[in-house]
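Participant: prediction below, plus the sequence it came from.
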Amino acid sequence: MGYSAEKVEEVVGQVRTLADQPFVREVGDHYAGYWDVLGLQVTVQDDAADGEVLRLRNELLRYLDRVLPKGNDDFAWQVGFKRQSKTIEVLFPGDEVRSETDVLRPI
């Protein structure tokens, strides 16, 4: 695995584009070089509906698993979702799509 500034910028840019939704407050990113992991944090509005968040979660999963599948040669990734300052979901390579009718609770 290895760091590529261009690949990180490409992925972060696309994640920001996909997350450009009215219920998303902020998208943060950090590359942990020691572990070769791109960490992304999606903070949603306090009143964001679970279905909206899960729809975005699934869309990000499909994108990230396509461009950076589990075990790829570039780097790993993870996405955290926060609402009301609490983590409500953490997404990793190879995770399954979730139903938009699922209920999100603080982890």
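Facilitator: Arrived safely. These numbers come from a predicted model, not from an experiment. Numbers count the residues shown, from 1 in each chain.

Participant: would you check how far apart the closest residue to residue 4 other than its chain neighbours and residue 65 are?
Facilitator: Closest residue to residue 4 apart from its sequence neighbours, by CB to CB, 6 or more residues apart in numbering: residue 74 at 6.0 Å. C-betas here are computed from N, CA, C, even on glycine. According to CB to CB, to the nearest Å, residue 74 and residue 65 sit 13 Å apart.

Participant: show me what contacts residue 74?
Facilitator: 1, 2, 4, 7, 68 (CB atoms under 8 Å, 6 or more residues apart in numbering).

Participant: what's across from the most centrally placed residue in the chain in the sheet?
Facilitator: Taking CA atoms, centre = their mean, the centroid of the chain lies closest to residue 79, which sits 3.2 Å from it. Judged by DSSP bridges, the bridge partners of residue 79 are residue 40, residue 91.

Participant: ok, it touching residue 90?
Facilitator: Yes: Residue 79 is in contact with residue 90 according to CB atoms under 8 Å; the separation is 7.2 Å.

Participant: which members of the contacts of residue 74 define the maximum pairwise distance?
Facilitator: Largest separation among those by CB to CB: 2 and 68, giving 12.3 Å.

Participant: give the residues shared as contacts by the two.
Facilitator: Contact criterion CB under 8 Å, 6+ apart; residues shared by residue 2 and residue 68: 74, 75.

Participant: those two - which one has more neighbours?
Facilitator: For residue 2 versus residue 68, neighbours defined as other CB atoms under 10 Å are more numerous around residue 68 (18 against 9).
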